[in-house]
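Visitor: build me a structure from this.
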Amino acid sequence: MKIMQISFKERELHLFDSSMSPVLLYAGTVAKEPSWGFPMHQHEELCEIIYISSGAGRFVIGNHTYEAKAGDVLIYNGGVLHEEHSDPERPLLTYFCGIGRLKIKTLPAHCLIAPNQCPVIPTGDCGRLIENHIRTLFEELQQQEYGFETVCRNALISLIVTVRRLIGIQCEEASSAGTDSSLGRRIKAYIDSHFTHDISLNEIASRLYISPYYLSHIFKEETGDSPINYLIRRRIGEAKRLLLTTERSVGEIAEAVGYVNVNYFSTQFKKVTGHSPTETRKSQPSKPSEAPLPASLT
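Guide: Numbering: from 1, shown residues only. Coordinates of the predicted model:
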């Protein structure tokens, strides 16, 4: 018989930078929908973890596009733009959760990985453990049986620790600070900062002291998209997020993302998403099969 005794020092108990523990904001699943996608959007004050149980998809995260597949975990730090699309031939089955009040030592608030670290991480032998943690969150929120709040809190902390173990502290050191100052990314950054305004190709080019033709050429070369198409996707992604998370009217949302004409906004929205703004609000949760979070967990 072997007995292991535990002796924690006070400082070792604190994985996080304050007395506040992380909180679960939501958990959900994307369940093999071949045409599923979510346009460009971001979450300012939360971190999201996605585990791909089966299938594959294309993910735009920050300034890069990634192909991710079964066994990968994806991390969206707070404030990072992201766009998601399932592979129609291999529909995604994923589990995901949103985490609030996350502040890990050595990292900015709402970050689970270093800002310059690759957000798509193969899990290898840790995959089953990560999937179990995140599925537990979703299933406990769905069933809400006796003591589910405690189970959710424990599973959330275990999930965070497992992911942190997977990436390793040395990964943060390897992804030390560096500036990403390519012209294409400067153009993208300008659009991301001003997409709610009435901006034109000429205005962006003038701000960056280049010709509109050169701006379009270099942006297409670096991102695979035109500046105008990216601007539209950025606006529609934010509009979809607002439709699904607020009670604001379609007209108010159109104006908030830079459209004066609500009919033109609705046309653009349907082109990008395949549904009208009204259909989107009526028929879809913010993510498919998202389990509601009771007040006792906030």
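Visitor: how near is residue 55 to residue 41?
Guide: The gap separating residue 55 from residue 41 is 21 Å, by Cβ to Cβ, to the nearest Å. (C-beta placed from N, C-alpha, C; glycine too.)
Visitor: can you give me the helices in the stretch 151-298 of the chain?
Guide: Per DSSP state H, counting those that start in this stretch, the stretch 151-298 of the chain carries helices over the ranges 169-174, 183-194, 201-207, 212-223, 227-245, 250-256, 262-273, 277-283.
Visitor: quote the end-to-end distance of stretch 244-252.
Guide: Distance across stretch 244-252, first residue to last, is 14 Å (Cα to Cα, to the nearest Å).
Visitor: actually stretch 95-109, sorry about that
Guide: The first and final residues of stretch 95-109 sit 23 Å from each other (Cα to Cα).
Visitor: looking at the helices of the stretch 151-298 of the chain, which one is packed in the most?
Guide: helix 227-245 (a mean of 21; mean count of other Cβ atoms under 10 Å).
Visitor: return the distance of that helix from the chain's centre.
Guide: Centroid separation between helix 227-245 and its chain, computed with Cα atoms, centre = their mean, to the nearest Å, is 14 Å.
Visitor: show me what that helix is packed against.
Guide: strand 37-41, helix 183-194, helix 201-207, helix 212-223, helix 250-256, helix 262-273, helix 277-283 (3 or more Cβ pairs under 8 Å, 6 or more residues apart in numbering; DSSP states H and E).
Visitor: and the ones you listed as CSV, adding distance to residue 165?
Guide: As requested, those are arranged in CSV below (distance: least, Cβ to Cβ, whole Å):
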stretch, distance to residue 165
strand 37-41, 29
helix 183-194, 31
helix 201-207, 43
helix 212-223, 34
helix 250-256, 41
helix 262-273, 38
helix 277-283, 38
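Visitor: now these in CSV, with distance to residue 141 and mean pLDDT?
Guide: Written out in CSV, the entries for the helices and strands packed on helix 227-245 read as follows (distance: least, Cβ to Cβ, whole Å; pLDDT from 0 to 100):
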stretch, distance to residue 141, mean pLDDT
strand 37-41, 20, 90
helix 183-194, 32, 85
helix 201-207, 43, 84
helix 212-223, 37, 87
helix 250-256, 28, 93
helix 262-273, 26, 93
helix 277-283, 21, 86
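Visitor: just want the phi and psi numbers for residue 104.
Guide: Backbone geometry at residue 104, expressed as degrees, to the nearest 10, gives phi -90, psi 140.
Visitor: hmm, I typed the wrong one, I wanted residue 85.
Guide: Here the main-chain torsion angles of residue 85 (degrees, to the nearest 10) amount to phi -140, psi 130.
Visitor: show me the contacts for the nearest residue to it once chain neighbours are set aside.
Guide: Nearest in space to residue 85, with sequence neighbours left out and distances taken as Cβ to Cβ, 6 or more residues apart in numbering, is residue 37 at 4.2 Å. With contacts defined as Cβ atoms under 8 Å, 6 or more residues apart in numbering, the neighbours of residue 37 are 83, 84, 85, 86, 273.
Visitor: most surrounded residue in those residues?
Guide: Highest neighbour count within those: residue 84, with 24 neighbours (other Cβ atoms under 10 Å).
Visitor: out of the contacts of residue 37, which comes closest to residue 242?
Guide: If you rank the contacts of residue 37 by distance to residue 242 using Cβ to Cβ, residue 273 comes first, at 13.2 Å.
Visitor: and the spatially closest residue to residue 211 that is not a sequence neighbour, how far from residue 75?
Guide: Closest residue to residue 211 in three dimensions, ignoring its sequence neighbours and counting by Cβ to Cβ, 6+ apart: residue 205, at 6.0 Å. Residue 205 sits 34 Å away from residue 75, taking Cβ to Cβ as the criterion.
Visitor: kindly report the same for residue 201.
Guide: 33 Å.
Visitor: what of residue 238?
Guide: When Cβ to Cβ is the yardstick, residue 238 and residue 75 sit 21 Å from each other.
Visitor: what stretches of the stretch 101-250 of the chain score poorly on pLDDT?
Guide: For the stretch 101-250 of the chain, the stretches with pLDDT under 70 are 169-181.
Visitor: just say helix, strand or coil for residue 65.
Guide: Remark: residue 65 carries the secondary structure label strand [criterion: DSSP: H, G, I helix; E, B strand; the rest coil].
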